[in-house]
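In: the following comprises the amino acid sequence and a computationally predicted model.
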Amino acid sequence: MPVIFHKMHGAGNDFVLFDLRHQEFGLDSRRAGMIADRRLGIGCDQILVLRRARDECHAARYEIWNSDGSPAGQCGNGARCIGLYLRKNGDIGDEDFKLESPSGKIRLRSCPDGEFEVDMGVPQFEPASVPTTLSPCDGVYQLDSPWGVLELGAASMGNPHALLVIGDLSDSAIPEKGAWISTHPAFPEGCNAGFAQLENRASIRLRVHERGAGETLACGSGACAAVAILRRSGKVDDVVNVLLPGGQLVIKWPESRQQLTMKGPAEYVFKGKLNG
């Protein structure tokens, strides 16, 4: 039987969403990769699968598949798209609501401007939590590379992130560097590799090579990790505009022991049916 899907994006980070609360569809890594293929499938950065929540206090539960068929632990842009879908579907109103994500429970808020704000959790910096086999010195990791020694920050937002601060985001080597860092053995589970250019204490520009998906127009958890790493080292304030190729996210982190929040857009593109 055909299965209904929904194409959505958050700041250009695009998704195929399957609501499997009321329809059946078997998804594995092979099929996920075929669906995400932009030439032979529907095409997307990640696939979102919506299921009934285990806890009735939550609006829904979801899982994330990368475009290469691998599972993902967290996706802030995807969470906002799920929020928009649930609102359009009549599952939620304007009140705050909670979702069960692969990395734990998260809370979302509908904003007056139509965007959503997501509680993304408390960033984790311990090497074992990232995880990475590297040892930091004052929060900085050094990694030998074909381009010389790279100085990185690293954090987990429910998925692993590395961050390199650079002076020019138009550097032609970023795609190659991102792919190299993302799959380096120093990150046993792989990592999302971010490249940040600081404009001032309240604004940064960011490009992210996501593990299992490649470079995307926006990475919500990557924006959160970048701000957390930079905030911890004293380079940015507690509210930061993150300018990504696909749009802007606003990240807030007032205290190191509090939840970090992310605010940004979500867009519904179209609805379709997939045969087989």
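Out: Cool, the structure landed. Residues are numbered from 1 along each chain as shown.
In: which residues of this protein score low on pLDDT?
Out: 276 (pLDDT under 70).
In: switch the cut-off to 80
Out: 256-257, 276 (pLDDT under 80).
In: please parse it into its domains.
Out: 3-121+265-274, 141-258 (automatic domain parsing).
In: hey, which of those is tucked in deepest?
Out: Counting by mean count of other Cβ atoms under 10 Å, domain 141-258 has the highest mean neighbour count of those, with a mean of 20. Yep, even glycine has a C-beta here, placed from its N, CA and C like the rest.
In: and that one, how far out from the chain's middle?
Out: Here domain 141-258 is found 11 Å from its chain centre; the criterion is Cα atoms, centre = their mean, to the nearest Å.
In: what's the end-to-end length of it?
Out: 24 Å (Cα to Cα, to the nearest Å).
In: ok, now stretch 118-131?
Out: Using Cα to Cα, the two ends of stretch 118-131 sit 23 Å apart.
In: and it, what's buried?
Out: 118-125, 130-131 (16 or more other Cβ atoms under 10 Å).
In: looking at those residues, which is nearest Ile181?
Out: Val130 (12.6 Å; Cβ to Cβ).
In: isn't that closest one up against Ser156?
Out: Yes - between Val130 and Ser156 a contact is recorded at 5.0 Å, counting by Cβ atoms under 8 Å.
In: so which residues of the stretch 51-200 of the chain form helices?
Out: For the stretch 51-200 of the chain, applying DSSP state H, counting those that start in this stretch gives helices covering 76-88, 174-182.
In: possible to save these as a markdown table with distance to Ile64?
Out: Conversion of the helices of the stretch 51-200 of the chain to a markdown table gives the following (distance: least, Cβ to Cβ, whole Å):
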| stretch | distance to Ile64 |
| --- | --- |
| helix 76-88 | 6 |
| helix 174-182 | 16 |
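In: before we move on, back to that, could you dump the domains of the chain into CSV with distance to Ser135 added?
Out: Formatted as CSV, those follow (distance: least, Cβ to Cβ, whole Å):
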stretch, distance to Ser135
domain 3-121+265-274, 23
domain 141-258, 8
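In: want to throw the buried residues of stretch 118-131 into a markdown table with distance to Leu249?
Out: Output for the buried residues of stretch 118-131, formatted as a markdown table (distance: Cβ to Cβ, whole Å):
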| residue | distance to Leu249 |
| --- | --- |
| Val118 | 10 |
| Asp119 | 14 |
| Met120 | 11 |
| Gly121 | 16 |
| Val122 | 18 |
| Pro123 | 15 |
| Gln124 | 20 |
| Phe125 | 21 |
| Val130 | 21 |
| Pro131 | 25 |
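In: what's the angle from the helix or strand containing His6 to helix 76-88?
Out: Assigned by DSSP states H and E, His6 belongs to strand 3-10. For strand 3-10 against helix 76-88, the angle by axes from the mean of the first three to the mean of the last three Cα atoms, to 10 degrees is 120 degrees.
In: then strand 3-10 to PDB, C-alphas only?
Out: Once non-C-alpha atoms are left out, strand 3-10 reads as follows in PDB (Å, rounded to 0.1, in the frame of the first residue of the first chain):
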ATOM      1  CA  VAL A   3       2.600   5.400   2.400                       C
ATOM      2  CA  ILE A   4       2.000   9.100   2.900                       C
ATOM      3  CA  PHE A   5       5.100  11.300   3.400                       C
ATOM      4  CA  HIS A   6       5.600  15.000   4.100                       C
ATOM      5  CA  LYS A   7       8.500  17.100   2.700                       C
ATOM      6  CA  MET A   8       9.700  19.800   5.100                       C
ATOM      7  CA  HIS A   9      12.700  21.900   5.900                       C
ATOM      8  CA  GLY A  10      14.200  24.000   8.700                       C
END
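In: with that, I have no additional questions.
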